[in-house]
Every structure is written in structure tokens, then in C-alpha cells.
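> Build me a model:
(chains A, B, C, D and E)
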Amino acid sequence: MSTPSTLVQVTDLKVHFPIYQGVFRRQVGAIKAVDGVSFSIYKGETLGLVGESGCGKSTTGLAILQLQALTGGQINFNGQDIAGIDESQMRKMRRHMMMIFQDPYSSLNPRMTIGGIIGEPLSVHQIGTPQERAERVQELLRLVGLNPAFINRYPHEFSGGQRQRIGIARALATNPSFIVADEPISALDVSIQAQVVNLLDDLKKQFGLTYLFIAHDLSMVRYISDRVAVMYLGKVMELGSRNNVFDSPLHPYTRALLSAVPVANPKKERARQRIILEGDVPSPANPPAGCRFHPRCAFATQECRAQVPELRNLSTQGKPEHWVACHHAEKLA
Amino acid sequence: MLAYFIRRLLINIPLLVGITIIVFVLASLMPGDAVLAMISSDTPVTDDMIKMRQGELGLDLPLHEQYLRWMGNIIQGNLGYSFVSAESVSKMIVSRIPATLELMGVSLSISIILGLTLGTISALKQYSWMDYGFTVFGFIGISIPDFFLGMVLVFVFALKLKWFPTSGFITAGEEFSLADNLRHVFLPALALALVRTAVFMRYTRASVLEVLGNDYVRTARAKGLLQNVIILRHVMRNALIPVITIIGVNLGVLFAGSVIIETIFQWPGIGMMFINAVTGRDSPVIMGYVLLTSMIVLASNLLTDLAYSLVDPRIRYE
Amino acid sequence: MNKLYKVLSFVLLAVFLLSACAPAATATTAPEQPTAEPTAVPATEAPAPEATAVPEQPAASTGPAGVLRLPLRPGVTVGSLWTAAGRHLDEAFLSGLVAVKWTADGVQPMLAESWEMEGEGTAFIFKLRQGVKWSDGESFTADDVLYTFSIYANPKVGAIHAGKLADVVGYADVKDGKTETLAGVTKVDDYTVRVELSTKSPLFVELKVPFISILPAHILASIPADQLKGNDYWNKVVGTGPFVMTNMVQDQLVEGAANPNYFEGQPKLEKIVFQVYADSNTMLAALEAGEIDGMLYQGGGIPVDQVSRFEALPNLKVFGNMDAGLPTFLLVNLKKDYFQDVRVRQAMMYAIDRKTIIETVKLGTGSVSNTMFPGAWARNDADLTDYQYDPEKAKALLAEAGWDSTRQIDLQRYYTDQVNKDTVDAIASMLQEVGINAVVREVKSAEFQASVDDGSLELAYAANGQGLDPSLGFLVTGCGQRLAVGYCNEQVDALYAQGQASADRAVRAPAYQEISKLLNADLPKVWLWWEVRPVAFDTRIVGLAEHYTEQPLLMFDIPVYNEIHLWYTK
Amino acid sequence: MTRLLEVKDLKVRFRSDRTIIHAVNGISYSLDEGGSLAVVGESGSGKSVGMLAIMGLIPNPPGWVESGQALFKGRDLLKASEGELRLIRGKEIAMVFQDPMTSLNPVLPIGLQLTEAIQTHLGLDKNQARERAIEMLRMVGLPNPAQRIKDFPFQFSGGQRQRVMIAMALTCTPSLLIADEPTTALDVTIQAQIVELVRDLQKQLGMAIIWISHNLGLVAGVVDTVLVMYSGFIVEQAPVDDLYEHPRHPYTLGLLHAVPKLDTENQERLASIDGMPPDLRKPIVGCPFAPRCPYRQEKCDQQTPPLFEVGPQHQSACWRWQELSKISTFGEPL
Amino acid sequence: MTTTIAKLEKIRPESLWSKAWKRFLRHKLALFGLSVMAVLLFTAIAAPVLTPYSPIKQDLRNLRKAPTAEHMLGTDGVGRDILTRVLHAGRISLSVGLVSVSISALVGIVIGVAAGYVGGKTDMLLMRLTDMVMTFPSLVIIITVAAATGPSVYNAMLIIGLLTWPSIARLVRGQFLSLRTQQFVTAARSIGVSNWEIAFKHIFPNTISSITVAITFGMATSILMEASLSFLGLGVPPPTPSWGNMLRDAQSMNILEGMPWIWLPPGIMIALSVLSINFIGDGLRDALDPRSLL
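Residues are numbered from 1 along each chain as shown, chains lettered A, B, ... in the order given. Below you'll find the model as predicted:
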């Protein structure tokens, strides 16, 4: 592992959804879905982005691809700032950055054939002749493990797992360098999940892809990611290599999260001590002051209530970076 | 929520203005005017007199001035005076609206009671002969024009069977009595009710079926509740929510749609007033009626939303 | 005798107008000097007629005892000031100075006990009945008469019968707005009124006065004339008629209770109810169901195709062959150049198989007409061309006239009853047969009037009465007449003036026969037939049936005194 | 221990368009009083349908119980009338469903939804029922129960709603609680809260529990016995430790190996079970798992394997169960 | 490679439409409706050759004759053959239905797409316009407009079309708004498809099935409206027969009672055609149910 080069640099990303009220629809507040998130994704790596529902992880993914209007922040892709560039320029960029979606049912246009769906990125970006595109579509089908003969079929003739493969083939069509995978397996059955994850992994190796892998399934994230970022209420709480984050988590939230995951081993399960978090995630329209996790944190102090903890790198020189946003991370380590 | 309704009310204002402008223009396009319409068969009328009367009524002004004049009066709460009878339009409306409301009320009650009951039974006995029977009835109901139905009802129930009077509000020459009045309202109400019964029935059936498939109905059954409690408390309560919208929409439609039936049954409501006004080219009355019905349609939409929010605690209008 | 005829014809005229069915009829006529303003007289739609009812003969029937229930058309409930149909309400609630006798042979005293003519008809002195009370208890006096005459003449009121007072001295000043008081009507004493006329008008009392219902000055005098219409008074009329208005709901019903102080004696009926019907089928159904007691001109009488149906009802007495004396014709707009050639109009006469239509569609009712005067003495049928059905001839005439058979001709019809619809359809198809591409269009009366007004009219199926005695009418085909629509023949006007100059029929007949001949040849209208209007009433009401039996003429909408106070229920 | 529930050869069918879906194809199992059982399987495996069938909650049409017995305390629930079942439901057997959002009636306050069952089964009056409801809500850890009882479901968070559901299920202290994927719709931290809660309550109240889940990990710590279903068949059934340590069916093995382990570094490639579950619209011939099974033999295609006794209380429906003991990873050749 | 592509797919793919068609064919009422409609359409189109009579030509010697072998449904008040008129009326009534529903669909789709696709202020304005037209007491407007412009077949078509588009506009807009949130639309954006293409290639085709259903029901509504209009004398003007104006000719009690052959046929035709279109609509709705397609 030599010095990795950055493919995507996200700085202080904010996505707020305004709340309107009153007779004249004035804006009275905002849901701060993503509220100042920064991280980088290195070429060739998989960055896992985990968190519970509503923490802003999917919005982050959409915002990076400019599929969601930003409220603030920069996104640097391959040396170019793409935050807020105009639509037509962005459209040209899109061949390099693709997305895989969560819902295998609604992410494929039911009125288009598989060939049409997979070939669309090619025609949109005017890559190749129609003939070449048709060949490419078949090649892609083969690549994701589907019969190239299916080219004229419609999505409704396929199962969830197969559709997810079609979605992957579409994302790969233009040979992108970066793919955002937004919960690509959460809608699938266990036995199918493994197929898709393995496929993603194989493709990454084969084409040197870079993934942002968004998921709430921690074990899957650990399996597939090189580095992991943990989000809570629109903020990154912890970011580091997967082993660091999973084996020696520094943030109390990460710890609670990890301890909540059941393990398929009855003996370990029975013996394990869980950290049970009290209460629920607060509303992102009105997040707690200070550290956003403090109302549920066993270690919270006055400082946590008042002061927003910065995301700090706690690793020593030469070791992989390990960022954490907790005032007491050192004590917990 | 209050803000939402105020906002809705405000939005309705330009809507009403637009509607009145269009109707005003249309009404003025109708061939003939109130004065010509009033010319009577046995009376010699001179062109001078016609011109004079037209001048009195402002019919000789440019159209936009006539409209502004009318609008100005509306703002002061004055709906104007009938060209024909010189009665105040608001008084005419006020005196006729109870009859229309009664007709609507009875007809709506019939269709709601029948529609909801039959629809629910149909859904609960899905695929039974009753279900099929009601469904076919429903389709027939929405396929028969109400005026035709009205004619047939008069023929069968009033002329042949003599169960109900042919027309009118009460029996001519008798003191008002509720029983008598209800006998009169029945046939027109029925003629108006059939279509809506069918519509409500189909919506209720679909809605109940959908609710029956919901998890919370399964929960209720899993709790061991009595079937009746499940149907009334859990199923109906939820199934009614979409049905309310349909009822609300029909409220407005019914109000504006009773015109033909009121005429056929000589029901002295605002629908008949409107038809007479169209015939007599009595534009203040036409305008008053259109303004009223549009407002009622808008109000019933608003009411529907309100009812919605009452029945469904989840709804909070922002 | 003259009077009788005059009255009769008058009656007829009025009737005709309303006639025809449901909606309106057009019509015209009115006793006015043709000179005066061109009066046009169209009919209106929703003509509402109203009623007087009629009944008679005992029979089993339902219906509340002592109550007379009559149908009324909507929009007519304001009294006779503004709509002719208000006449029927006036008959129940108001009285005139005189009224046409129910036998139609002259006028009889009402609020005027007697009257005298000065000169050869230049002034009249009315002696008023004393002791008559308004229904609010006030006494009726000459002031009421003065007020009433002035108010009828006042243009701000817009009374339809204003023209009846055109001969009264001072009328022009009132009409021009110079004053609101009719100078020619003066009070001699509390019970004597003098009316001075500007021209000799010997028939003033018989022809004009019956149309004026006396109104209570003590209530209305303080109301500005332009606010009279729509005044609350009309919803609770205070009058001198046989009934006292007890309830009035616009376009729904009008009710009255017997007036115990009625000067002719307390009515035998306890109550009278006018029930309003907007739809003629509804009205017929109500009659059939026994919900009302009569069907006269209200709703157009009984459609001829339904006569047998109503005759079968035991409680109804149906007069199925009532001659309405009403000439029906196609109104042709002679201002259109393509109608100016008389051969075109002749062609239409030949194209329409009138006999067959009468025998079939009209179920044998009515008779062919070839000119406008219904009274046989006023025309000499032997002189008239009878235009026997001859489509070939029609085609030939059209060819000669250079008729363009591709031209679409708009044929208006404002009648909506089945027989008239079928009739007009039949006419249209016969015209099409010979190459006149007439397309039927159903219109509202206002629309028809407007088309006359703006000259867009082409053809219309219409009827209007000229009266059995032409002297009583005014010449609807004369120059300057509203419904002549382009026909102006000074010879006809001169003859008409000649006919008006004498009271002797023997003198007048040649003039009128000459007019008939001219109109038969010139064809200002395409003559079709004389109408029949069946009427019916419930036999539980005893009253007027004898009248119908004796006198096969319809008289409604003129102030015939029906003696309602003598009617009673079985 | 007494036998609480004994299900024998249960078959459930559904009609869809013109075909019949073979949802549950003859399953048998039993549960003792106070015992705990997990039914594990993927979507469409018939795990929920099997339970609903016992409760008489299969919507008919389109579904029906084709055959079988479900003896609850000796009475066959499948033969019980609706009236008899009604007395058992909610009182003797309670259920908690997957999605607390849709399983609670959205337009009724939760108090009413709790008390109606109490009043129905315990004959308490309104006030007593309310007291009982508040007590139950307190027991499941809902803050401020007395106030919140008037609130509507949408005013609660997902976790709280599931607590309400549990309170509702337990109001009549049933002897059997069927938890149908009660945590699937919840976030992992909330899931942990609920699992903990149910486990505590089971101990506290001594009821038997059937836990339906698709997550082998989740049930590992909460039940005694695990039953694995596939395409409407039970393919393996064993005491919990035995099942995880010595799976004797390729499908169980595959499931276990298809999920990465959270607590291990650098794992090898996940075992992936190729293909898809069979189409239940067609009758299944042979072993239902055969088409996806790396160890398939000719016999597997032709004959449906019975449940073999492969160890103490351990059964597996695989013709090659004996050989399976030799492999440690799914997919590795035999 | 070319040849391989051609050969690869041997199995004919089942398009959504063919799938929907199969589902439709299973709907008994819909099939019934379709066959009735087919018969009605056929008889309407072939009317001139099916009967020897003219729908307009009168025979005054044969008025109001009860059905005979010669006139199978009898004759009307001017001796026209009822059967002939009913069949010819079908041409008018059905084409008024078709044309007005086409106008309604065209306007509705254009406005709905514009509102749903452009959004923002345009959407606001268009929806207010839609609300306005929806709020119009439609019968009132119809009566007023018909009285103003005079009855004609074309006016009837226009009036009905111009008053019924709002429901389609709302439907289309609603579909646009809901489809816009579907992941396949985000997916299309993510691969760089232009907004225009998203609207017309991705979203619009997905609204077609609902539009089809709405149009079908709209057709039923239009036929009923034409009947009402003509019944009031505001629609198709005589002598051209339409079912509505034939009924208008049969309002009097003696015809109702004694001459059922005059009013029953048009009455039945209205009910039958509306009924069968409703059946078809119901079948289409089930067959095209988006839930069954995804």
C-alpha cells in the first residue's frame, strides 16, 4: 500500500431540506440531512458508509453524484470541483461516476428492455455505434452473470437478484472509475446478497473500480470495505480503516452499533455483553446541540452538550488514519 | 394547519374571479338578452322600449364595464337584481337553497348509506354472488343517465304505482308537512342518488378490500376481537378515509348537477332557478348561481380536506 | 255584436300567442293603431300562461276539498304589469274597472259600476263601485284608479300594457319622462274618474281598459316607479280580487284564501293554489296524477298526440278540438336577397305537403291556411290560391328563381313539444326534398327574438294570432312591423287603414278580403295551417266547463271574467 | 415439560391468477411450554404463512389450509371454529408482527388498541383495562405511558411502536408468543433493544415463544431450537448450538456461510448459493434445494428427502447428510 | 457478431402490453364489454348497409308504428325507422365520445406533462387553471356555452372535451410527480440522461397505462355527457340522430307508456355502450395495474 491518490474529496458537504410553514409558505427551518461531512475516497478503494436510517448516508451518496442539490460544500472528483457545476457539464462527467441503487424493482424502468436499460448510458454518452453498443450490452450481461440472450426481455421477467445484476451492468457500461452503491443488497435475501457482494468484489478487482458502499449491514460493510465511515444524524462520527473501526472503535456510538449486531454463534451471543442505547435517534430538523450523540451517550459530559466535537485524526504517524468526532475518544481508546 | 386552510382560501379567490369572468363572457355571448327574452307574446313592444330597458339594465355598456359593475357590487356583498323579476339575487338564492340542500341531503344520505353498506358487504363477501350482483348493479348505476332514470321513476312510481307524487315540493294546496315533503323529495333524490350510490359502492368496496389486506387488520384478528368490532372499528374507520374524498367531490358535483333533476321534478331549488335564468337570459341570476356553485365546490373541497384531517390523525397540512 | 266579435278576436289573439306549446309563440297583434309605434310583438318563451282554471262536472277525483290547484309557468308571478301571464294571478287577486264577460259577449262592470262615453269616444267617465275594501281593509277610491293609470303608462315601470293607454291625453309626456302623472285621467270625485282621449276611440273600454288591474295607491304611491318591480308588495299582494294572497314563493307557488269581502260575494272555494312548472312534461304528469286541476294554455294545453291518453282518465274533461284560430307559418326573412323572389316562397308552399302533415303528424288536428285572417268573412277562400302539394312544381319554380340548393338554410323552432318537433322535422325534410336545404335548429325564444332584431333570421316556424276580427289586431305583415321581417306593401297598409275606419263588417270585409288575397299571393310568410289546442280540467271543480262546451274558443291571457268565485269542488 | 403446540403435516396453499402456490408443504414440529423455537428462512419459504395458518389468519380467499393438524394444548386449532379461535387468539396465543408501522391501526389511539383486547378477553371494565394497558406499556419500557396512551401510532418512533405491539401481545399473558420478524424493520440499535426486551419478558412471564426470522444471527442468542425452512419445507431442525456448529443440510450451511462474520478479520470469499428459490407455482419434485445445491445427486432430483434423524433432536432433509459432516465451508467439494 | 445477436434471443420476450393483454383476456366482464363494443362499433360503421332505410327520410304514412318485420324496432313520430336511427345514432354518439375524449386526453396530457415535468411556477399556474376548470359547475358551463354557441355536433365534442381534461391532466401530473421519485428516474439522471429524455423516454411511457384507463372511463363519461346535452337540446341537433336526442324525443308520458320502441332502444344503447366501456375500463385497470407490472 503506497500512498493512495484521492479520487473523490468531499469537503464540508451540507444538504438541508427547507421546511415551509404558514400562509405565505415562509421557510421556518430545515431538515439537516447532511450537515458538514468531509472525507476522501482513494482510487481503487471501497469506502463503506454506515449508519442507521435517517443518518444521511444515502443523501451523501446522491449529493456526491450531484443527484441531490447541495446546500454547501465542495466535491472534488479527480481533481475537478463538481459541486454546483452546470447541468450539461455534469452530464458529461457522469460517464465516469455511476450509481447502483437499493431497490431492484423500482430502479429499472419497467417499460424498457434489459438491452435498452444497460445500453442507455452508452447511447447517452454517444459511445460506439449501435452495433458496438449491442455487443457491449451482451458483454456486460455476461460479465454480471446473466444470459446475453435476455437482451430483449423486460425487467418484470427477472428476480430481485437478477435485477440487481442488471443495475450493476448498467453502472458498468461506460467503464466508470467511481461507483456509488447505495444499499445495493439490503432488499435481497441472504443467499442472494452474497452473490451480489461477490460480484461487486470481483468487478472491483477486474476493473480497478472505486466504490462508495453505503449500507446499514455492518458485517457486509466490514467484509467489502477497505475503510469505513460511520454517520449519525448528518455527521461523520468515525472514519478509519475497517479493522481499526471494527476492532478498536473510538466513538461510543460505533461501539454501541457494533455491539448491537447479532452474531450467528449461539455461544458467543449468549456470552456477549451488549451496549443497549437508550431512546431513539432525534429529529434531524432539530438536532441536539453539541455532540449530536450526547443524549444517548453513556459518556456524555457538559462539554459534549455544549461543544460540537471535531473530526480528529487520532492515529499516530505512519499508521492508517483513524478519525473520530468525540471529545473523549482518547479516554475511550 | 390553520395556515394551510387560510392559504387554500386565498388561492381560491383568483380562481373564483377567473370563473366568473369566463361565465360572464359566456353569458353575454348567449343570443338574445333579458329584455328580448321578456317580450311577451300578446303585447306589442316597440324598439324604443327595448332599447330603453336595455339601457336601464346596463346591457348597452361594454362588456368589461358590465363585469366591473357586477364585480364592484359583489365586493360590497350585493349579488345584484334579477333582470326578470328585479328581486335581489341573494334573496332568490336564499329562498331556494333550502330545497336544493334538502334534495342533496336526502340523495346524498341515500347514496352514502346504500353505497357504503353495499360496498362493505361486497368487499367482505368478495367473489360471492352478492359481490357480483352489487358490482353489476354498480356498473349499471353509473351507466344510466340520471335524466332517463328520472323519467322512468316518474312513470313507474308516480303514474303507474302512484306511490309517490310526480313532482313538486309539497302537495299543492296543502299545509306543509314533513311527511308530505319527504314523499315529494323521494323520487328526485333517488334519481340523483343512483349514480352516486354506485360510485360510493365501488370506492367503498375497493377501499375496504385494500384495508382488509392491511397488517393492522391481521393484528386486530390476532387479538381475538369480535368480527363486528374489527369491521366497524378497524376496517371501516380506515376504509372511509378515501371514500370521504369521493363524497366530498360529489358534494360539489351534486350541488351543481341537480339542475336537470330539479327541472324534471319541478323541485323549487336553485337548479331550477338557474335553468329559468338561462332561458330568460337573466345574467345576474346566472352569475349569482355560478358564483355560488363554484364557491360550494371549492368549499366542499376544503371541507373534504378538513374531514380528512379529522378522520385521519396522521394528516397534518403544512 | 261588434263588441262580441272584437272581444273574441282579441281573446283569440292573445291566446294564440301563448299558445302553442310550451314555449312560446310568437305573436302579435294588438289592438293599436298601426300608426303608433311599430309594435312588435313577439312571443316569448316561457310564456307562461297561467291559469284560470276550469272545471266542471262532477267526478271522482282526489284533491283537497275547496281547493283549486292550477299550473303556472315560472317567471310570471309578478302580476300583469310585466308579463302577460300575470293576468291569471290578477284574476285571482286583483280586479280591473271592467272585465270581459266569461261568455265573451262584451264587458261587464267590476270596480267601475258604470261608465259613459263622451262624444264619439273622446272621453269616458267611470262611476266607481262604493264600499269595496282592499284586503288590508282600506277603501278603494278614485285615487287608486288615478295612480294605476299613471303607473301603467310610466316608462320607468316598463309595463307591457303601457301601450293600451297610448290614446289617453298626456301619454306622450309621461312616456317622454316629462311627468309621471297622466294628465288625461282626472278625479271628478272620490268615486268618479274621467279619462280623456286624444283621438276618437269608441272601443276604449272594451279593448283597453280590461287589461288594467287596479293597484292600491295607499300602499304603492310612495314607492318610486323604478323600484316598483321587485318590490315586496308583489309577494303579498293587497288587492280587491276574490282571493287574498297568503303565500308566494317565486317560481314555486302562489296561494290565496277566499276573500270574504269580495264585492261579488265570497268565493265558494276556500283556497286557490298556483303551482309553478318549468317543464311541460312534468306539468302533464302532475295533471295525470291528479295533482293539479286543469291544463289550459299553461304548458301549451294538452299536446294533440296525448289527447286520447287524457281522455281515458275518468276525472278529466278534455276538450280535444279547441280551435285556437291560430295561423301557423314559416316566418321568412324577406331582407335576405335569396328569399326576395316570390317564386322561392311559392316553391316552399308547394313543397310542403300540409294536408299530409295535418293528417299524420298532427293527428288530424288543424286545417290548412293560405292567408292570415282566421275569420272566414275576412277572406274569400275562392280567391285564394291553395298551393296544393306539388314538389315538381316547387322544383321548377326554384329552378326559375335560380335557387342555390347548396345553401344551408337555418330553420328555427322554439316549440319543444313532440308534435311540433315532428312537424318541423317533416317540413324540413319536405323542403330538402325540393332542394331547399333547411336545417332545423331548436332555439330559445330570446334567441329567436334576437335573430329578428339583428336580421340574422332566415326561416322560423312560428305562429301568431291576427284575431278573428282584423280590426282588433294590428297588421303583423305591415310596413315597419317587427315580425314582418322585410315585407312592406303600402297597398296592404292602405287597405288595413280602410278596414279600421268603420265598425260595419260589411264595409270592412272587402278590404280585409283584398288583404288576404294580397298576402296569399305575395306570401310574406309561408302559410301553413290553423292550430287546434286541446285543454282539460278536472271534473271535481265545478265551474267553467259549460263555457267550453258552448264556445269552442280559447280565451286566456285576456281579462275574461271567469267568475271563479262561483266555482266549487265536488 | 408439557407439550404446548404440536404441528403435524401442515400444508397451506394460495391461489394466484390461475395457479396454485404451494406455500407450505407438510411441516411438522412441536414446542414445549415455556420453550423457544426459531423458524428461519428466506422470503417465500413459508415461515410466516405456517404460523398464520395455525392462528387461522390466512386470508381466504386466496389462501387455505390444505391439510394438517395443529394441536395446541391438545386442541386442533385447524379444526376449531372461528369463535373458538377468537378466544384463543390474543389470549392464549399472541403475535407480534414485522412492521409496527403498519401493524398498528393508524387512526386509533394506542390506548384503545390495547384496551380492546383486554376488555375482550379479560372482561375488565374500561378503567381497569386502561390501568392494565398503562401497566403493560410501563413493563415494555415506554416512557410516560399514562400520557402517551392517548397518542396515535404515528406519534411514536419505530422502536416505541414495536414496544406497544409487544405490550399489546402480552396483555393477556399468553402461553405462546409468536414473534414474526419483530425487528426486521428496525435499525440495528433498536433491534437490540427489542430483542433484549423480548428475552427478558419471556423469562419473566414464562411463556413459550416462536421467533420467525430470516437472520440466523439474530435468533442464535434467543432460542433453544432452530427450524430452517426452504420453499415451504422444513429442511433442518436442531437445538440451537448443534445447528450452528454441525449443520447437516447444505442450505443451512450455505446460509451460515453467505453472511460475513463481524468479529473476524480478513475473511475468505463469501459462500454464494447460486440460482433462485424454486417457483412455488409448480409442484416440487425431489429435493427443493437440489437445483441450487453443489452436492446434488441424481436421487435428489427425483425423491424428496424425508427428515432424517441426524443427531439428538437434530433432523435434516438431505440425502447426503452423513457426508456433509466432512465439509467445513459451503461449496467446498465433497 | 451480428448474426449472434440476431440469433441469441429465440424466446419471444413478453412485453408488458402482451402481458397486460393476457390478463385482460381473463377478465370476463371486460371481454363481454369488448365484444359488445365491437358489435356496437361494427353496426355503427356498417349502419348504412345494414338497413335499407335512411335515418332522416320520413315516411309520414307510417308514424309511430310498433315493430314489424319491415321496421324491426318500429318507427318514430315522423315515420323514420328506429333501428336505422339507433344504428346511425351510434355513429354520432360514439364519435362524439371518441373525439371529445381525444380532445380531453390531448389537452390533459399536454397540460399534465407540462405541469409535472416543468414544475415550479408553471406547475402552480397550470394546476390553478386545472382547478378552475374542475371547479366549473360543468353542467352549468355546458348549458351556458351551448346556449351561447348553439347546438352542433362539433360544439358538443369541443365542450365535452374542454371540460373533462382536468382529471386527465391531474392524473398525468400526479403520475409524473410520483414517477419522478422512482429510482429508475434517479438512475436515468445518474447516467446523464437529459431532463427532456427523462420526461419522454422514462416517465411518460409509464403513465400510458393509467392514461389508457382514464381515457376509457372518460369515453364512457363523454357518451353520457353527450346524451345529457342532446337530451337537453344542447348537443347534437336534429334531425341527425344521436341516442341523447332520440331520448329527448320520447319524454312524453304516452310515448313512455305506449310506445316503448321509441325510447327503449336509445336508452338501452346508451346504457349498454357506457356499461361495456366501463367493463373494458375495469378490465384495463386490472390488466394494467402498475403493481402487477413492476
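> For the stretch 151-294 of chain E, which segments are assigned as strands?
Counting by DSSP state E, counting those that start in this stretch, one finds no strands in the stretch 151-294 of chain E.
> Can you tell me the number of residues neighbouring the spatially closest residue to B:F186 that is not a sequence neighbour?
With Cβ to Cβ, 6 or more residues apart in numbering or on different chains as the criterion, B:F186 has its nearest non-adjacent residue at 5.5 Å, and that residue is B:F164. C-beta: built from backbone N, CA, C; applies to glycine. Counted by other Cβ atoms under 10 Å in any protein chain shown, the residues lying close to B:F164 total 20.
> Quick check: B:F164 touching B:A158?
Yes: B:F164 lies in contact with B:A158 (Cβ atoms under 8 Å); the separation is 5.4 Å.
> Mind listing the shared neighbours of the two?
Residues within reach of B:F164 and of B:A158 at once, by Cβ atoms under 8 Å, 6 or more residues apart in numbering or on different chains, are B:L187.
> Contact partners for the residue nearest to B:F186?
Contacts for B:F164 (Cβ under 8 Å, 6+ apart) come out as B:157-158, B:183-184, B:186-187.
> What subset of these is buried?
By neighbour count, with 16 or more other Cβ atoms under 10 Å in any protein chain shown, the contacts of B:F164 hold B:157-158, B:184, B:186-187 as buried.
> biggest separation within these, which pair?
Farthest-apart pair in the buried ones among the contacts of B:F164 is B:F157 and B:H184; separation 12.0 Å (Cβ to Cβ).
> what's the burial count for the closest residue to C:A225 other than its chain neighbours?
Distances taken as Cβ to Cβ, 6+ apart put C:K156 closest to C:A225, at 4.1 Å, once the chain neighbours are dropped. By the criterion of other Cβ under 10 Å, C:K156 has 17 neighbours.
> mind checking pLDDT for the closest residue to chain D within the stretch 51-200 of chain E?
Ranking the residues of the stretch 51-200 of chain E by distance to chain D (Cβ to the nearest Cβ) places E:T181 first, at 19.1 Å. Turning to E:T181, the model gives it a pLDDT of 84.
> what's near enough to touch it?
If you count contacts by Cβ under 8 Å, 6+ apart, E:T181 has none.
> if I look at it, how far off is B:L63?
From E:T181 across to B:L63, the span is 46 Å (Cβ to Cβ, to the nearest Å).
> Over to A:V308?
Shown here: A:V308 relative to B:L63, a distance of 66 Å by Cβ to Cβ.
> Check B:F24 too.
Taking Cβ to Cβ, one finds B:F24 at 8 Å from B:L63.
> which of the two has more neighbours?
B:F24 (20 against 11).
> And the residue nearest to that one when sequence neighbours are not counted, its phi and psi?
Nearest residue to B:F24, sequence neighbours excluded (Cβ to Cβ, 6+ apart): B:Y67, at 5.0 Å. Recorded main-chain torsions at B:Y67 are phi -70, psi -50, according to degrees, to the nearest 10.
> so B:Y67 makes contact with B:I21?
Yes: B:Y67 is in contact with B:I21 according to Cβ under 8 Å; the separation is 6.7 Å.
> neighbour count winner among those two?
Per other Cβ under 10 Å, whichever of B:Y67 and B:I21 has more neighbours is B:Y67, with 17 against 13.
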